[in-house]
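S.K.: here's a sequence, model it:
(chains A and B)
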Amino acid sequence: MRLKYVLSEVLVGLWRNVTMTIAMIITMAVSLTMLGASGLIYVKVAEMKELYFENIEVSIFLEREATEEQKTVIQAQLDADPLIESVTYVNKEEAYEAFKEMFRDSPDLVSAVGPEALPESYRLKLVNPQEYQVVGEQYAGIEGVDQVIDKSAVLDKIFNLFSAGQKIALVVAIAMAVAALLLVANTIQVAAYSKRREVAVMKLVGASNWFIQAPFVLEAVVAGLIGSLLGLGALAGLKVFLFDGALRALQGLLAPVSWGEVLLAFPLMAAVGGLISAITAWVTLRFYLRV
Amino acid sequence: MIQLEQVTKTYPKASRPSLDNVSVAIEKGEFVFFIGPSGSGKSTIIKMLLHEVAPSKGRIVVNSKDVTSMRSWKRPAFRRSIGCVFQDFRLLPNRTAYENVAFALEVIGKTKAVARRVVPEVLELVGLGGKEHRYPQELSGGEQQRVAVARAFVNRPLILLADEPTGNLDPDTSIEIMRLLDRINRTGTTVVMVTHDSNIVNQMRRRVIEIESGRIVRDQARGVYG
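M.R.: Numbering: from 1, shown residues only, chains lettered A, B, ... in the order given. As a prediction, the model looks like this:
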C-alpha cells in the first residue's frame, strides 16, 4: 500500500511540473552523454595506445657511405643489446622495393630514384616497446648512423588530440551536471512547496522522515534514470552516425567501438545520473523541509 | 505526564526570554488551559512539547520521555503519541473528511483496512457521522475543526495539544468543540489547550495556568480567566 502511495506520488510529482521535468531530463541526458562519451574515449585511447605501442618499431638508418666496419660494430652492439628482441637488416634493394610499393601512384618519383639513393637500415623490435626513447638515444651517436626514427612522435600527437577531446567532453559533462543539479534542486523545491500542506500534516502526525522524503527523492531519481536512458540513446546514435558513418574512413586507424562497450557505459551513466539526483534532492529537502 | 523543569527559552535577537524559568507538572488525564496575552510564551510551550523548538535551559519530559535530549530522528515516533489541533484547522483541501483522517493513519504506516474500520468510528465520535465524504470547503468552521479533532484523536494519543482551537469559531460552535474536547478528556487523554477565550475558560472550570512575559503568574485548579 505504502509503496503504491509513494509511486503514485512520484508520477503525480513528475507530471505536475512537466516543463521543469523535461528540462531536468534533457540537461541530465546531455551531461550523461558527454560523460559516457568521455568514458568511451578514455577506454579507447588506452586500448589504442597499447595496440600501437606494442607494435612500435625503431628504425636505425645508416649514412649512405657507412663502411663495412661500422656496420659490423653496429650489428654486434645490436645483437648484444638486452633491450632488443630482434633485428632485421634492410639493404638498399629491399628499401627500394618498399619505396616503390609506397609511392606506386607516382611513377615519376620512383623512376627518378634508384636503389643507390636509399639508405640501409636496421628495424628493431624491442623487448619492452615503452623503452623506445632509451634505445633511440643509445644509437643516435654511433658512427655510421644517420638517424634513429620511431613513430612515437606522430602517435603522441594523435593521442594528445584524443585526450583533449576526452577532456572537453568531461568538462562539458561537468558543466551540464551542474546545470542539471540546479534544475533538480529547483524542481524539488517547487514540488515541496506545492505539497507543503501535506508535508506539514505528515510531520504533525509523525510520518517517518523517509516516508515524507521518498516521493521527492524518487521523483528526481526517476528523472535521472530517464536522462541516462536518453543518454544511452544519444551514445548509440553517435556510434551509428558518427563513428560507423562519418568516421568510417578512419576505421583502420581507430580501434572499433563495439555495442557491448556502448552498453557498458550505461551502468556508469545511470549510477551517476541517479546518484546525483538523489543526493541533490535529499540535500535540498533537508534545507527546505527541515525534516 | 508533562513536566517542564525550570525551562527558559531565549530566541536569538530577542531582548527578553520568551519563557523565563518556567516549571509546570501536568498529570495524566488532566485538562489544562494556558492563558495569557499574545507574545506571553504560550505557543512556545506547545512548540516545545512537540519537539519543534528546544529550550535554552531546563528540562522537558513528555510521556516519561526526555524531550530536551531527544534526537530529531526519534521525533516522528514521539509525535504519534501526541494529537494536535490548531486555530486554522490545517486540513488538506483536496481530500474529504474521511480522507483527511485516513491520510494521517496511512502516512504512519497503517493499512487501508485499519482506516476503514477506525475512521468512521472516530468521525461518529466527533459528531460528523454522515458527512464523511464532504470536502473541507463544504463544511462549516466548526465541522472542519471536528475533522481536525478526529484526525488528532484517531491514533488514541496520550496527549492532545490544542492551540487556540476556537479562535476562528463563533461562541456557540466554540462551546460544541469544547464539549468534544471534554469528552476526549474523559477517555483518559490529557488535554492541554492554549486560549484567549475567557468565556470558555470560565465555563469549563478547569486548571488554569496564566503566563505573562514568559513567567507563570497564576496556576489555579478549577480557575477562571481572571
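S.K.: name the residue closest to the centre of the chain, please.
M.R.: Assuming you mean chain A. Chain A has A:Ile41 as the residue nearest its centroid, 1.5 Å off, counting by Cα atoms, centre = their mean.
S.K.: the chain in question should be chain B.
M.R.: Centre-nearest of chain B using Cα atoms, centre = their mean is B:Leu161, 1.6 Å out.
S.K.: who touches it in this structure?
M.R.: Contacts for B:Leu161 (Cβ atoms under 8 Å, 6 or more residues apart in numbering or on different chains) come out as B:Ile46, B:Leu49, B:Leu50, B:Ile82, B:Gly83, B:Cys84, B:Val85, B:Val192, B:Met193. Just so you know, the C-beta spots here come from the backbone N, C-alpha and C atoms, and that holds for glycine as well.
S.K.: could you rerun that using 7 Å?
M.R.: Counting by Cβ atoms under 7 Å, 6 or more residues apart in numbering or on different chains, B:Leu161 makes contact with B:Ile46, B:Leu49, B:Leu50, B:Ile82, B:Cys84, B:Val192.
S.K.: the helix or strand where it lies pairs with which strands?
M.R.: Here B:Leu161 sits within strand B:159-163, counting by DSSP states H and E. Under the criterion DSSP bridges, strand B:159-163 sits next to strand B:82-86 (parallel), strand B:190-194 (parallel) in its sheet.
S.K.: so for the first one, mean pLDDT?
M.R.: Strand B:82-86 comes out with an average pLDDT of 95.
S.K.: and if you look at the last one?
M.R.: Average pLDDT, strand B:190-194: 96.
S.K.: ok, residues contacting stretch A:235-253?
M.R.: Counting by Cβ under 7 Å, 6+ apart, A:Thr33, A:Gly36, A:Ala37, A:Leu254, A:Val257, A:Val262, A:Ala265 sit against stretch A:235-253.
S.K.: so how far is it off the chain centroid?
M.R.: The chain centre lies 14 Å from the centre of stretch A:235-253; the measure is Cα atoms, centre = their mean, to the nearest Å.
S.K.: one step back: please convert the strands paired with strand B:159-163 to TSV, extending it with mean neighbour count.
M.R.: Converted to TSV, the strands paired with strand B:159-163 look like this (neighbours: other Cβ atoms under 10 Å in any protein chain shown):
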stretch	mean neighbour count
strand B:82-86	24
strand B:190-194	24
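S.K.: got the ones you listed as TSV, with distance to A:Ala80 columns?
M.R.: Converted to TSV, the strands paired with strand B:159-163 look like this (distance: least, Cβ to Cβ, whole Å):
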stretch	distance to A:Ala80
strand B:82-86	91
strand B:190-194	99
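S.K.: interface residues of chain B facing chain A?
M.R.: B:73, B:76-77, B:79-80, B:84, B:90, B:92, B:103-104, B:106-109, B:111-112 (Cβ under 7 Å from any Cβ of the partner chain).
S.K.: neighbour-wise, which of those leads?
M.R.: Among the residues of chain B next to chain A, the one with the most neighbours (other Cβ atoms under 10 Å in any protein chain shown) is B:Ala104, at 26 neighbours.
S.K.: against B:Gly130, how distant is it?
M.R.: Distance, B:Ala104 to B:Gly130, using Cβ to Cβ, to the nearest Å: 21 Å.
S.K.: one more: B:Asp163?
M.R.: Using Cβ to Cβ, B:Asp163 is found at 29 Å from B:Gly130.
S.K.: of those two, who's got more company?
M.R.: Per other Cβ under 10 Å, whichever of B:Asp163 and B:Gly130 has more neighbours is B:Asp163, with 21 against 9.
S.K.: returning to that earlier point: so which of the residues of chain B next to chain A belong to helices?
M.R.: B:Pro76, B:Ala77, B:Arg79, B:Phe103, B:Ala104, B:Glu106, B:Lys112 (DSSP state H).
S.K.: and the residue of the stretch 151-291 of chain A nearest chain B?
M.R.: Using Cβ to the nearest Cβ, the single residue of the stretch 151-291 of chain A nearest to chain B is A:Gly206, 3.3 Å away.
S.K.: my read: that residue touches B:Gly83, true?
M.R.: No. Using Cβ atoms under 7 Å, A:Gly206 is not in contact with B:Gly83; the gap is 10.1 Å.
S.K.: any idea how far the lowest-mean-pLDDT helix or strand in chain A is from the middle of the chain?
M.R.: When each helix and strand of chain A is scored by mean pLDDT, DSSP states H and E, helix A:132-140 comes last, with a mean of 78. Centroid displacement of helix A:132-140 relative to its chain, using Cα atoms, centre = their mean, is 31 Å.
S.K.: I'd like the next helix or strand past it.
M.R.: Assignment by DSSP H and E places the next element after helix A:132-140 at strand A:145-150.
S.K.: where in chain B is pLDDT low?
M.R.: Filtered on pLDDT under 70, chain B yields no residues whatsoever.
S.K.: return the nearest residue of it with respect to chain A.
M.R.: Per Cβ to the nearest Cβ, the residue of chain B with the smallest distance to chain A is B:Arg79, at 3.3 Å.
S.K.: what sits against that residue?
M.R.: B:Arg79 sits next to A:Leu204, A:Val205, A:Gly206, B:Leu50 when contact means Cβ under 7 Å, 6+ apart.
S.K.: so where does the first one fall, helix or strand?
M.R.: A:Leu204 is located in helix A:196-205, with elements delineated by DSSP H and E.
S.K.: who's in contact with that helix?
M.R.: Residues from elsewhere that reach helix A:196-205 (Cβ under 7 Å, 6+ apart): A:Ala192, A:Ile212, A:Leu289, A:Val291, B:Arg79, B:Cys84, B:Arg90, B:Leu92, B:Phe103, B:Ala104, B:Val107, B:Ile108.
S.K.: in that helix, what's buried?
M.R.: By neighbour count on 16 or more other Cβ atoms under 10 Å in any protein chain shown, the buried set for helix A:196-205 is A:Glu198, A:Val199, A:Val201, A:Met202, A:Lys203, A:Leu204, A:Val205.
S.K.: go on, stretch B:8-27?
M.R.: Buried residues in stretch B:8-27, counted by 16+ other Cβ under 10 Å: B:Lys9, B:Thr10, B:Pro17, B:Ser18, B:Leu19, B:Asp20, B:Val22, B:Val24, B:Ile26.
S.K.: out of the residues you listed, which comes closest to A:Gln130?
M.R.: B:Thr10 (70.3 Å; Cβ to Cβ).
S.K.: ok, which stretches of the chain are strands?
M.R.: All of this is about chain A. A:57-62, A:84-90, A:121-126, A:145-150 (DSSP state E).
S.K.: wrong one, chain B
M.R.: B:2-9, B:19-26, B:31-35, B:57-62, B:65-66, B:82-86, B:159-163, B:190-194, B:207-212, B:215-220.
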